[in-house]
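Trainee: Below are the sequence and a predicted model; questions follow.
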Amino acid sequence: MGEDVSADSVTLDLLLEARETVKSSPLGVINTPMVPWSQTTLPLNKACNIHIKLENMQRTGEREQALNCRGSFKIRGVANQFARRPEGGHFVTMSAGNYGRSFAYASKHYGWKGKVVMPETAPVSRSVLIQGFGVDVERVPTSCLMNEVMRCVQEHNMTFLHSYDDLDLIAGHASLGLEILEVVPEPDVVVVCCGGGGLLAGVAAAVKLSGCEMSRIYGVEPEGACTMHRSFIEKRPVAMDTRSVASGLAPPFAGTLPYELCQRYVEGIVLVSDDDIKAAVSALYKAGLVVEPSGSAAFAAIASNKIPELEGKNVVCILSGGNIGKDELGNFPD
């Protein structure tokens, strides 16, 4: 992130412009459905009106559509990132899977070279999927992700595209928040997963800057990968050794710009256990919704009563991604 970029750089005009870029992107980003919780078979133990944003139904490329693979919100930010770099280049990034997949698809579409540095803990199937787009993949320990990225930049003259700490990316992700407001114009509560914080920051900024000053935005992190939660406590972006079944929510540090935006617009960060996440994946699957562990965190927080004062409120729960294979689903309880 450039030194001159701060939370003040994120304006409603910037987000609205990014939303038009995302809508018209050749990468095929779709406006995903919003459905009332009451129209699903999911159990509900609270008297509130919950809408579920089905971003797990997002698509990433014709090849995956043909294979009936689901995508994630990451393609939104990537669409805006790549549109802002018309000169092309040789790009490198770090990702546990979803951003890397969208990055790889965009690289192939634009005919640009790319490399994804992945944590060793990420499912191998995701590495294979990314390589299928013609992008190089290198798997390293989580603690070595940034070091390897910087080596590529310095030794091979690659350009680093950050997977969550990037103004263009966050502005692209904000399109999801603006879509939510078209269905629920004044949400009381919005619950969003948080890894490095790019989606949470974008959605929170979109909701608050659109005039919903009273809306409460909550981020949800795994207990074993709570970088934003710790950042809130220490009043600065922090790093930590992270580990969670939700590998997409376990980057080694919180993003600087996401942290600044979350400090300004987010009510708080709540934590869920890996068992909470596993139970959420299973419950969603039984209801016919294929959602990966990272994408299930917001639902897990609501289902395990981690979000305060929901009774009688209009609530939005974001299911942020469906990138999970049948082999992985077998690891979750029936």
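Mentor: On my side now, so go ahead. Bear in mind the structure is a predicted one, so any value in this text is a computation, not a measurement.
Trainee: So, low pLDDT: which residues of the stretch 101-250 of the chain?
Mentor: Across the stretch 101-250 of the chain, not a single residue meets the criterion (pLDDT under 70).
Trainee: That one: strands as residue ranges?
Mentor: Along the stretch 101-250 of the chain, the stretches classed as strands by DSSP state E, counting those that start in this stretch are 113-119, 136-140, 159-160, 189-193, 216-222.
Trainee: What separation is there between the nearest residue to residue 248 once chain neighbours are set aside and residue 320?
Mentor: With C-beta to C-beta, 6 or more residues apart in numbering as the criterion, residue 248 has its nearest non-adjacent residue at 3.3 Å, and that residue is residue 294. Every residue, glycine included, has its C-beta placed from N, CA and C. Counting by C-beta to C-beta, to the nearest Å, the gap from residue 294 to residue 320 is 7 Å.
Trainee: neighbour-wise, which of those two wins?
Mentor: The residue with more neighbours, out of residue 294 and residue 320, is residue 320; 33 against 28, by other C-beta atoms under 10 Å.
Trainee: need the contact list for the spatially closest residue to the more buried one that is not a sequence neighbour.
Mentor: Taking C-beta to C-beta, 6+ apart as the measure, residue 320 lies nearest to residue 295, with 4.3 Å between them; neighbours along the chain are not counted. Counting by C-beta atoms under 8 Å, 6 or more residues apart in numbering, residue 295 makes contact with 55, 56, 72, 193, 248, 319, 320, 321, 322, 323.
Trainee: and the gap between the residue lying closest to the second one once chain neighbours are set aside and residue 248?
Mentor: Going back to what we said before, that points to residue 56. Leaving aside its sequence neighbours, residue 56 sits nearest to residue 322 (C-beta to C-beta, 6+ apart; 3.4 Å). With distances defined as C-beta to C-beta, the gap from residue 322 to residue 248 amounts to 12 Å.
Trainee: Now do the contacts for residue 214.
Mentor: 186, 188.
Trainee: try residue 32
Mentor: Contacts for residue 32 (C-beta under 8 Å, 6+ apart) come out as 53, 54, 55, 57, 58, 176, 179.
Trainee: now swap in residue 171 and tell me
Mentor: 10, 14, 15, 17, 18, 77, 80, 202.
Trainee: neighbour count winner among residue 322 and residue 248?
Mentor: With neighbours defined as other C-beta under 10 Å, residue 322 and residue 248 compare such that residue 248 has more, 30 against 23.
Trainee: Give me the most central residue, the protein.
Mentor: Centrality entry for the chain: nearest residue to the mean C-alpha point is residue 199, 4.8 Å, by C-alpha atoms, centre = their mean.
Trainee: in terms of contact, does that one touch residue 176 like I think?
Mentor: Yes. Taking C-beta atoms under 8 Å as the contact criterion, residue 199 and residue 176 are neighbours in contact, 7.2 Å apart.
Trainee: shared neighbours of the two, which are they?
Mentor: Taking C-beta under 8 Å, 6+ apart as the contact rule, the neighbours common to residue 199 and residue 176 are 73, 318.
Trainee: buried residues in stretch 241-258?
Mentor: For stretch 241-258, a neighbour-count test (16 or more other C-beta atoms under 10 Å) marks 242, 244-258 as buried.
Trainee: tell me which element residue 270 is part of?
Mentor: In this structure, residue 270 is located in strand 268-272 according to DSSP states H and E.
Trainee: Which residues does that strand contact?
Mentor: 194, 218-223, 226, 228-229, 232, 262, 297, 300-301, 304, 306-307.
Trainee: got the angle for the next helix or strand after it vs strand 189-193?
Mentor: Under the assignment DSSP H and E, the closest C-terminal helix or strand after strand 268-272 is helix 274-286. Computed by axes from the mean of the first three to the mean of the last three C-alpha atoms, to 10 degrees, the angle separating helix 274-286 from strand 189-193 equals 100 degrees.
Trainee: Identify each buried residue in helix 274-286, please.
Mentor: Buried residues in helix 274-286, counted by 16+ other C-beta under 10 Å: 274, 276, 277, 278, 279, 280, 281, 283, 284, 285.
Trainee: Same list (those) but as a markdown table, adding pLDDT and distance to residue 103.
Mentor: Compiled in a markdown table, the buried residues of helix 274-286 are given as follows (pLDDT from 0 to 100; distance: C-beta to C-beta, whole Å):
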| residue | pLDDT | distance to residue 103 |
| --- | --- | --- |
| 274 | 96 | 27 |
| 276 | 96 | 29 |
| 277 | 96 | 24 |
| 278 | 95 | 28 |
| 279 | 94 | 31 |
| 280 | 95 | 27 |
| 281 | 94 | 24 |
| 283 | 93 | 31 |
| 284 | 94 | 26 |
| 285 | 92 | 27 |
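Trainee: Correct me if wrong: residue 209 contacts residue 13.
Mentor: No. With contact defined as C-beta under 8 Å, residue 209 does not count as touching residue 13 (9.3 Å).
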